[in-house]
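Undergrad: the sequence and its predicted three-dimensional model are supplied below.
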Amino acid sequence: MKIPFPALLAALSLSSLTAAEKNVIFFITDDESPTLGCYGDPVAKTPAIDALAADGTVFLNAFATTASCSASRSVVMSGLHNHRNGQYGHQHSYHKFSSYHNVVSLSLPRVMANAGYRTGHIGKYHVAPEQIYRYETYMKASGRNAVDMANKARDFITADDERPFFLYFATSDPHRGGGKDENAESELKPDLFGNKPDRKAHEGVDEVFYELDEVPIPHFLSDTRETREELAHYYQSVSRIDQGVARLVEILKETDLYDKTMIVFTSDHGMAFAGGKTTVYEGGLKVPFVVRNPYEENRGVKHNGLISHIDITPSLLDYAGGLDKKTNGPKKLVDHKKFWKDFPEVAKDNLGPALASYHGKSWIPILGKPDAQHWDTIFASHTFHEIQMYYPMRVIRDKEYKLIWNIAHPLPYPFASDLWAASSFQAQFQKSLDAPYGQKSVGEYIHRPQFEFFKIDDDPYEADNLAGDPAHREALAEYQEKMKEFQKKMQDPWIMKWNYE
């Protein structure tokens, strides 16, 4: 049948209007706590992220499942806990942790592509193998300059393509690195956190500098000059990230895509200070999480529901229309055994059983509902950071109690190399094991008990371990059983340690 020209023109116009709808920018930073204005931080200069929050949803109780870079990103990109996706620690160098090959059925870039999206990646990657977490387009830019990253991603965002886009945007800020600030007054020099020395600026960035007397001290750190010097650099790095968000928003608005694009902002885990990163304390697991969904009517929401990084992949797939609500897995499920037949070099014994559903669940339906529940209980784990840092921990937390099982508790707590060298920690360590460090002494931080049990609603700073308190013996036993049941459900191999250690 011949279509009249006016009708054909109208159809073409409609196609051009709808082709780029329901886009996604997933913005993930490296080692950032909820140190943002929208979380009530008194000094953080983060106007772009705060604006997203004011026009979206801020999750006040968002948690990583592990406070280690590769391990966390594998959870973000699979919707599975580490003991099911296989990436227990760092992917790079001699560490060589990688995900099981059956994860290809659920991996974020794969399922978004199967849902009809063109997929792009810029910035930090830090997962393996690449065949599992493969994006269609890879872009390169300085991970220390989110403004430059945004500019380099512009062509991908605005490409002439009928498919909606999914952009995975991963900064290296505010991770430690870039040398020491030799201008600092302290003998132990602070890390630069990616900032240029001598207060120089990254190209295209209007650097924000913070004074030592203005930075707030997190509950897990000690108020010393060394801590303040490092926090000042950390906050500068956080503000640079915000300018990258601002540039992305500017690009979207210039191209009439802002109201067709969901922006999700989070971090892989908490800030890179001892007591934060690599721990399962609140400072390591609690993350910023801001979602601006242009298709959600109720905006400016502060949400108290418990959400987890396992929820990210199913949520983005739900937004994309590719989530099967009955199976809680992709509508278009990849048969992992057929997929790997094209890669004969892959060992068959690493394929694993078929995967069809996520551990997480979508938060899309609750974005505009501040009182809606999501999880009653969240589960977290840690096994490695760097490969020499074996220290498995398991966590179960709800809004009343938090239980930490330090499985390797007879061992001293192992430090990531950059956290051991941090002036904020060394300043206290070099005094004595009795020197204060946050809510603990240095010695208590290094030598941990088998169980740490906190009444988290009354003790958000995790200062009072109730594991040995007779008044909480029954509650402790109850949460230990809950932890065992959850480990069994999630097929956590470390469940055997209950009987053998």
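TA: Alright, I've got the coordinates.
Undergrad: tell me how far stretch 68-78 lies from the chain's centre.
TA: Between the centre of stretch 68-78 and the centre of its chain there are 7 Å (C-alpha atoms, centre = their mean, to the nearest Å).
Undergrad: any idea which element E452 lies in?
TA: Using DSSP states H and E, E452 falls within strand 451-454.
Undergrad: what packs against the strand or helix carrying A477?
TA: Per DSSP H and E: A477 is located in helix 473-489. Applying 3 or more C-beta pairs under 8 Å, 6 or more residues apart in numbering; DSSP states H and E, we find helix 473-489 packed against strand 393-397, strand 402-406, strand 451-454. Quick note: C-beta positions are derived from backbone N, CA and C, even for glycine.
Undergrad: next SSE downstream of it?
TA: helix 497-500.
Undergrad: by contact count, what packs against that next one?
TA: Where contact means 3+ C-beta pairs under 8 Å, 6+ apart, helix 497-500 is not packed against any helix or strand.
Undergrad: could you give me the average pLDDT of that helix?
TA: In this model, helix 497-500 has a mean pLDDT of 89.
Undergrad: which outside residues touch that helix?
TA: Contacts of helix 497-500 with the rest of the structure, by C-beta atoms under 8 Å, 6 or more residues apart in numbering, involve P392, I407, K484.
Undergrad: contacting residues for the closest residue to the second one other than its chain neighbours?
TA: Put plainly, it is I407. Among residues not flanking I407 along the chain, P392 sits closest, at 4.3 Å (C-beta to C-beta, 6 or more residues apart in numbering). Neighbouring residues of P392 by C-beta under 8 Å, 6+ apart: S381, H382, T383, I407, A408, W494, K497.
Undergrad: any idea how far P392 lies from L252?
TA: According to C-beta to C-beta, to the nearest Å, P392 stands 42 Å off from L252.
Undergrad: one more: F289?
TA: 20 Å.
Undergrad: cool, and I396?
TA: I396 sits 39 Å away from L252, going by C-beta to C-beta.
Undergrad: also E32?
TA: Shown here: E32 relative to L252, a distance of 22 Å by C-beta to C-beta.
Undergrad: who has more neighbours out of these two?
TA: Of the pair E32 and L252, E32 is the one with more neighbours under other C-beta atoms under 10 Å, namely 27 against 22.
Undergrad: quick one: that one and P288 touch, right?
TA: Yes: at 6.4 Å, E32 counts as touching P288 under the criterion of C-beta atoms under 8 Å.
Undergrad: state the three-state secondary structure for V58.
TA: Here V58 is recorded as strand under DSSP: H, G, I helix; E, B strand; the rest coil.
Undergrad: report the contact partners of it.
TA: Neighbours of V58 in contact, by C-beta under 8 Å, 6+ apart: C38, Y39, F289, V290, V301, K302, H303.
Undergrad: for the first one, give me the pLDDT.
TA: If you check C38, the pLDDT there is 98.
Undergrad: that one: what's it in contact with?
TA: Contacts of C38 (C-beta under 8 Å, 6+ apart): T46, I49, D50, A53, A54, V58, V290.
Undergrad: which of those residues are buried?
TA: In terms of neighbour count (16 or more other C-beta atoms under 10 Å), the buried residues within these are T46, I49, D50, A53, V58, V290.
Undergrad: who are the packing partners of the longest helix seen in the chain?
TA: Ranked by residue count under DSSP state H, the longest helix found in the chain is helix 225-254. On a contact count with 3+ C-beta pairs under 8 Å, 6+ apart, helix 225-254 meets strand 23-29, helix 47-54, helix 146-157, strand 261-267, helix 423-429.
Undergrad: now render those as a markdown table, adding distance to T65 and mean pLDDT.
TA: Output for those, formatted as a markdown table (distance: least, C-beta to C-beta, whole Å; pLDDT from 0 to 100):
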| stretch | distance to T65 | mean pLDDT |
| --- | --- | --- |
| strand 23-29 | 14 | 98 |
| helix 47-54 | 23 | 98 |
| helix 146-157 | 25 | 98 |
| strand 261-267 | 12 | 98 |
| helix 423-429 | 24 | 98 |
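Undergrad: and of those, who's closest to S417?
TA: helix 423-429 (11.9 Å; C-beta to C-beta).
Undergrad: quick one: list the elements packing against that closest one.
TA: Helix 423-429 packs on helix 225-254, strand 436-437, going by 3+ C-beta pairs under 8 Å, 6+ apart.
Undergrad: for the last one, packing partners?
TA: Looking back up the chat, that one is strand 436-437. Using 3+ C-beta pairs under 8 Å, 6+ apart, strand 436-437 sits against helix 423-429, helix 442-446.
Undergrad: neighbouring strands of it in the sheet, and parallel or not?
TA: Strand 436-437 pairs in its sheet with strand 440-441 (antiparallel), by DSSP bridges.
Undergrad: all strands of the stretch 251-400 of the chain, in order?
TA: Residue ranges of the strands in the stretch 251-400 of the chain, as given by DSSP state E, counting those that start in this stretch, are 261-267, 289-292, 301-308, 323-324, 329-330, 378-382, 393-397.
Undergrad: ok, the last one: who's next to it in the sheet?
TA: When pairs are called by DSSP bridges, strand 393-397 turns out to pair with strand 378-382 (antiparallel), strand 402-406 (antiparallel).
Undergrad: roughly how far is stretch 88-102 from the heart of the chain?
TA: 17 Å.
Undergrad: closest one of the contacts of helix 497-500 to A372?
TA: Of all the contacts of helix 497-500, K484 has the smallest distance to A372: 28.9 Å, by C-beta to C-beta.
Undergrad: that closest one touches I495, doesn't it?
TA: Yes: counting by C-beta under 8 Å, K484 does reach I495; the two are 6.5 Å apart.
Undergrad: show me what contacts the residue most central in space within the chain?
TA: Note on the chain: the residue nearest the mean C-alpha position is D268, at 2.3 Å, using C-alpha atoms, centre = their mean. Residues counted as contacts of D268 (C-beta under 8 Å, 6+ apart) are I28, T29, D30, D31, A64, C69, S72, R73, V76, V287.
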